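Asker: no sequence for this one, just the structure:
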């Protein structure tokens, strides 16, 4: 009876009861030889991945491109260089005049699978290997999930190929965080299925650990979609279970443990990231009623015809972003999924639970589900519902696995699924790698980015030799190299390329378009004249730390922002807060202007000596952000917003030293929570003996 109860508690979606999750229990003679050498799947997957990515991994005339360079390469290179030289780059002055670097989730500095590459050294080629590693993980994770559900090894290999080499990964080969999250999604669902079947708390902890990795990969939107997929999957598994009461309780416990543990593991990134997001230009985003990237129905044609929009030929005529609407999953994907429906596979509910809600949501506003989900936390802040396609691709690959099982059982040909594997591998390699310009750049990194970067830096050599320089440009340009090349070259600039630019700073720079004197207050020493192609000196630049002759107080941030239109930073400064008079020097004292000297300066630290006759405002041309603290001769003083976007410190009269330092307000707590959560998860994983055997 005990065995019968255990079997009944297993979801009906797992093949024909849980016996099919174990190779020894598979009665299909066509799979017998495979099960005897099941461990060979993993080296075969590794070899297949290297062969599939051979050109971008080894050819000189192939390289990373677009956001993979502008966002991910620049950030990883800067992080690696900083850790080797100056330490953790909690704050960087090399983007938008200053920004909390590690608070940006896209840096993905705390994602463990990046760490070996940081140790080796970041290069354009190393990012190709990061991508190949995750393609291998996508292949393996999809194989495990499909095998858990079908009990057929060869059909599960086919599912892995159809997912890991699908058009979503090709189209997003320049979006590392999205690529990595989608690669981990099958592992999340597989671990969840194991947890529901076993009912063990430690198995649920493993699911939460994978959820933590997904968050640490650094792409909030696709991480959100992964948990959405988890919820849909768990509901379907529960419905398919023969013991729904028991499975429902396990499913609820699993979801709670996964969400909580994922948050705790990623707290080192999540807590600073939430603080940055709340003060960035994304804080006001609300895509409840509109979005710029829903799924276009015409894009579904790329499922069958790779060049439907002209991606392959180079004559692209599709929606604006060429990376978002390429969906080709192989010539056999849809026919095999249709075979599953034709064969009335009892487990089809599970892939449908992934495909239908995700596809419905991807269509965007006007279809119902999108607008409903934007009422939930997080969903109103994501702008591209088409990015959920990887969930649809995962469901289609699962359905295709069920279809191939039906074909094998119907025709009883040992070579049939092998033929499907070979054909699909060749088909996907040709269209999604060999001939597809989305997969990698068709030139060397030097030709695409390096020469422009080197030329720009050669023109900056004299400027960068000066202390406390800052370079203004009306926009980031690829004529400088990667759009965030200032990070790699450690060049202090006013521009950058990030969706998390500080709101106050962005509004200050917009005001500077009509009031160029604000650039003087920002301590811009040099300007790039885009029309002349020249770098000119700014003779009116104020020092990085200055004492304005007059100080006025604004009752609100809105009032301070409005005053920017006529502000002359050389004459006055605006401080937010209740109006008050600064203490004046004694009557009859000589009119000696305040003197300021920066004694020491690092990325997140200023040591300043000043001499002032009366109470004064030190305006520090660093973007205002929580975490900057100040101390005069060791006594803490407040840091206030000056000129709406910059930092100010009201200091006492006399000769003193001011220490101005940045420490993230949430980093320490996040690090402690993450360390404790990782330790607990590691202990639980070590005690769970079931997982290693499931890899067989």
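Answerer: Nice, I can see it. Small disclaimer: the values here were computed from a predicted structure and weren't measured. Numbering: from 1, shown residues only.

Asker: Got the confidence number for residue 50?
Answerer: As predicted, residue 50 sits at a pLDDT of 98.

Asker: Not counting its own residues, what contacts the host helix or strand of it?
Answerer: Per DSSP states H and E: residue 50 is located in helix 41-52. Under the criterion Cβ atoms under 8 Å, 6 or more residues apart in numbering, residues 57, 132, 135-136, 139-140, 143, 153, 157, 160-161, 164-165, 425, 429, 433, 695 lie in contact with helix 41-52. (Glycine included, C-beta is placed from N, CA and C.)

Asker: Which SSE is immediately downstream of it?
Answerer: With elements assigned by DSSP H and E, the helix or strand that comes after helix 41-52 is helix 54-58.

Asker: Any idea how far the following helix or strand past that following helix is from the middle of the chain?
Answerer: Later in the chain than helix 54-58, the nearest helix or strand by DSSP H and E is helix 67. Relative to its chain's centre, helix 67 lies at 11 Å (Cα atoms, centre = their mean, to the nearest Å).

Asker: From the rest of the structure, what touches helix 67?
Answerer: So helix 67 is in contact with 174-176, going by Cβ under 8 Å, 6+ apart.

Asker: top of those by neighbour count?
Answerer: Greatest neighbour count in the contacts of helix 67, by other Cβ atoms under 10 Å, goes to residue 176: 28 neighbours.

Asker: so how far is residue 223 from that one?
Answerer: Going from residue 176 to residue 223 by Cβ to Cβ, to the nearest Å gives 13 Å.

Asker: Likewise for residue 231?
Answerer: Remark: distance between residue 231 and residue 223 (Cβ to Cβ) = 13 Å.

Asker: out of these two, which sits in the more crowded spot?
Answerer: residue 223 (26 against 17).

Asker: Okay, domains of this structure per the record?
Answerer: What automatic domain parsing lists as the domains of the chain is 2-13+38-62+104-279+296-442+675-694, 445-537, 545-665.

Asker: winner for burial among these?
Answerer: Greatest average neighbour count among the domains of the chain goes to domain 2-13+38-62+104-279+296-442+675-694 (a mean of 20), per mean count of other Cβ atoms under 10 Å.

Asker: centre of the chain versus it, how much separation?
Answerer: In terms of Cα atoms, centre = their mean, the centre of domain 2-13+38-62+104-279+296-442+675-694 is set 16 Å apart from its chain centre.

Asker: swap in stretch 552-562?
Answerer: 35 Å.

Asker: How far does it stretch from one end to the other?
Answerer: 13 Å (Cα to Cα, to the nearest Å).

Asker: With stretch 654-668 instead?
Answerer: 35 Å.

Asker: pLDDT (mean, whole number) over that stretch?
Answerer: In this model, stretch 654-668 carries a mean pLDDT of 97.

Asker: cool, and stretch 579-593?
Answerer: Stretch 579-593 shows a mean pLDDT of 63.

Asker: can you tell me the distance between the two ends of it?
Answerer: Per Cα to Cα, the first residue of stretch 579-593 is 23 Å away from its last.

Asker: Kindly report the same for stretch 342-357.
Answerer: Using Cα to Cα, the end-to-end distance of stretch 342-357 comes to 21 Å.

Asker: mind checking which helix or strand residue 617 is in?
Answerer: Secondary structure (DSSP H and E) places residue 617 in strand 616-623.

Asker: Show me what the longest helix along the chain is packed against.
Answerer: When the chain is parsed with DSSP state H, its longest helix is helix 124-150. Packing partners of helix 124-150 (3 or more Cβ pairs under 8 Å, 6 or more residues apart in numbering; DSSP states H and E): helix 41-52, helix 54-58, helix 115-120, helix 153-164, helix 176-198, helix 389-411.

Asker: by contact count, what packs against the fourth one?
Answerer: Using 3+ Cβ pairs under 8 Å, 6+ apart as the contact criterion, the secondary-structure elements in contact with helix 153-164 are helix 32-36, helix 41-52, helix 124-150, helix 333-342, helix 389-411, helix 416-429.

Asker: What average pLDDT does that helix get?
Answerer: Helix 153-164 carries an average pLDDT of 97.

Asker: what's the next secondary structure element after that helix?
Answerer: Following helix 153-164 in sequence order, the next helix or strand is helix 167-171 (DSSP H and E).

Asker: so how far is residue 377 from the closest residue to residue 289 other than its chain neighbours?
Answerer: Excluding the flanking residues, the one nearest residue 289 by Cβ to Cβ, 6 or more residues apart in numbering is residue 365, at 5.9 Å. Taking Cβ to Cβ as the measure, residue 365 falls 19 Å from residue 377.

Asker: cool, and residue 335?
Answerer: Distance from residue 335 to residue 377, by Cβ to Cβ: 39 Å.

Asker: Residue 45 too?
Answerer: The gap separating residue 45 from residue 377 is 37 Å, by Cβ to Cβ.

Asker: again, but for residue 649
Answerer: In terms of Cβ to Cβ, residue 649 sits 36 Å off from residue 377.

Asker: quick one: which of the domains of the chain is nearest residue 89?
Answerer: domain 545-665 (6.7 Å; Cβ to Cβ).

Asker: Give me the three-state assignment for the residue nearest to residue 289.
Answerer: coil (DSSP: H, G, I helix; E, B strand; the rest coil).

Asker: what's the answer for residue 312, then?
Answerer: Here residue 312 is recorded as coil under three-state DSSP.

Asker: In contact with it, which residues?
Answerer: Contact analysis of residue 312 by Cβ under 8 Å, 6+ apart lists 306, 431, 435-437.

Asker: Now tabulate those in CSV and tack on pLDDT and secondary structure.
Answerer: Converted to CSV, the contacts of residue 312 look like this (pLDDT from 0 to 100; DSSP: H, G, I helix; E, B strand; the rest coil):
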residue, pLDDT, secondary structure
306, 97, coil
431, 98, helix
435, 97, coil
436, 97, coil
437, 97, coil
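
Asker: so what's residue 648 bridging to?
Answerer: Note on residue 648: beta-bridge partners by DSSP bridges are residue 619, residue 640.

Asker: I'd guessed residue 157 sits against residue 143; true?
Answerer: Yes - contact criterion Cβ atoms under 8 Å: residue 157 and residue 143 qualify, at 5.9 Å.

Asker: any idea how far the closest residue to residue 605 other than its chain neighbours is from residue 608?
Answerer: Distance criterion Cβ to Cβ, 6+ apart; nearest residue to residue 605, sequence neighbours excluded, is residue 661 at 5.0 Å. As judged by Cβ to Cβ, residue 661 and residue 608 stand 11 Å apart.

Asker: low pLDDT regions in the protein?
Answerer: Scanning the chain for pLDDT under 70 picks out 1-37, 344-346, 583-592, 687-696.

Asker: need the contact list for the residue nearest to residue 646 when sequence neighbours are not counted.
Answerer: Excluding the flanking residues, the one nearest residue 646 by Cβ to Cβ, 6+ apart is residue 621, at 5.6 Å. By Cβ under 8 Å, 6+ apart, residue 621 lies in contact with 97, 470, 521-523, 542, 544-546, 646-647.

Asker: quick one, what contacts the spatially closest residue to residue 299 that is not a sequence neighbour?
Answerer: Closest residue in space to residue 299, ignoring its immediate chain neighbours: residue 325 at 4.0 Å, by Cβ to Cβ, 6+ apart. With Cβ under 8 Å, 6+ apart as the criterion, the residues that contact residue 325 are 171, 295-296, 299, 302, 309, 318-319, 386.

Asker: For the nearest residue to residue 382 once chain neighbours are set aside, give its distance to residue 461.
Answerer: Closest residue in space to residue 382, ignoring its immediate chain neighbours: residue 221 at 4.3 Å, by Cβ to Cβ, 6+ apart. Distance check for residue 221 against residue 461: by Cβ to Cβ, it reads 40 Å.

Asker: Over to residue 284?
Answerer: The gap separating residue 284 from residue 461 is 40 Å, by Cβ to Cβ.

Asker: do residue 41 as well
Answerer: Distance of residue 41 to residue 461, computed by Cβ to Cβ: 54 Å.

Asker: now swap in residue 389 and tell me
Answerer: Note on residue 389: its distance to residue 461, by Cβ to Cβ, is 46 Å.
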